[in-house]
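A.B. asks: Build me a model from this:
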Amino acid sequence: MSIGSNKELAENKLILLYIIDKVNIPISNLQITKIILENKFMNYFMLQQLLDELCSNNYLLFENIDNKAFYTITPSGKQTLSYFTNHIPRGIKSLIDNSISNIRNNIRNETFISADYIPGRENEFTVLCQVREDNFTLIDLKVTVGTKNDARRICENWKKYPQEIYSEIIESLLKDRTENNEQK
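C.D. replies: Below is the predicted model:
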């Protein structure tokens, strides 16, 4: 291995540490792979090798949360990153910095927003929707609908607008309905 490739390996490890540190929430292998490959920072095999090395050297922590594997940066990884951040090319750092809030939101939604449906009897589909924040479930909704299209639409809306739908449900449940009942 040449000195140039050692420098490239070190730089790629720092890029991984930088992204995982900036995201500041647990990130799955699929999510980090998507970020790395979309931005062409390195190839898939290099990425997997470096993630494994960073975990082996205790710079990253690999843990299972709800049967999914996630990475977080360790204190040792943060310290190493603080020493060598200037070795990450400025262009790459600014690309990451400029897109980090978007990346973080996508990760939060992928990780903590779920919606799926299960076919039941004829003309019956059970839709399961969930919003979790950290390790706390905010809402776990199960509803049965009559068509596959309705089930798909509910799943799409839940994934696209989870905060709005959650707020509408809570608002509706908290609404004072005593006036309407007294008039009957």
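A.B. asks: can you give me the helices in this structure?
C.D. replies: 3-23, 29-38, 44-56, 75-84, 90-112, 148-160, 162-174, 178-183 (DSSP state H).
A.B. asks: Turn those into a markdown table, including distance to residue 120.
C.D. replies: For every residue, glycine as well, the C-beta is placed using N, CA and C. Converted to a markdown table, those look like this (distance: least, CB to CB, whole Å):
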| stretch | distance to residue 120 |
| --- | --- |
| helix 3-23 | 38 |
| helix 29-38 | 30 |
| helix 44-56 | 39 |
| helix 75-84 | 47 |
| helix 90-112 | 26 |
| helix 148-160 | 10 |
| helix 162-174 | 22 |
| helix 178-183 | 33 |
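A.B. asks: Indicate which one of these is closest to residue 139.
C.D. replies: helix 162-174 (5.7 Å; CB to CB).
A.B. asks: Which one, of the helices of the chain, ends up nearest to residue 119?
C.D. replies: Of all these, it is helix 148-160 that lies closest to residue 119, at 7.4 Å by CB to CB.
A.B. asks: If you count neighbours, what's buried in the closest one?
C.D. replies: By 16 or more other CB atoms under 10 Å, the buried positions in helix 148-160 come out as 151, 154-155, 158.
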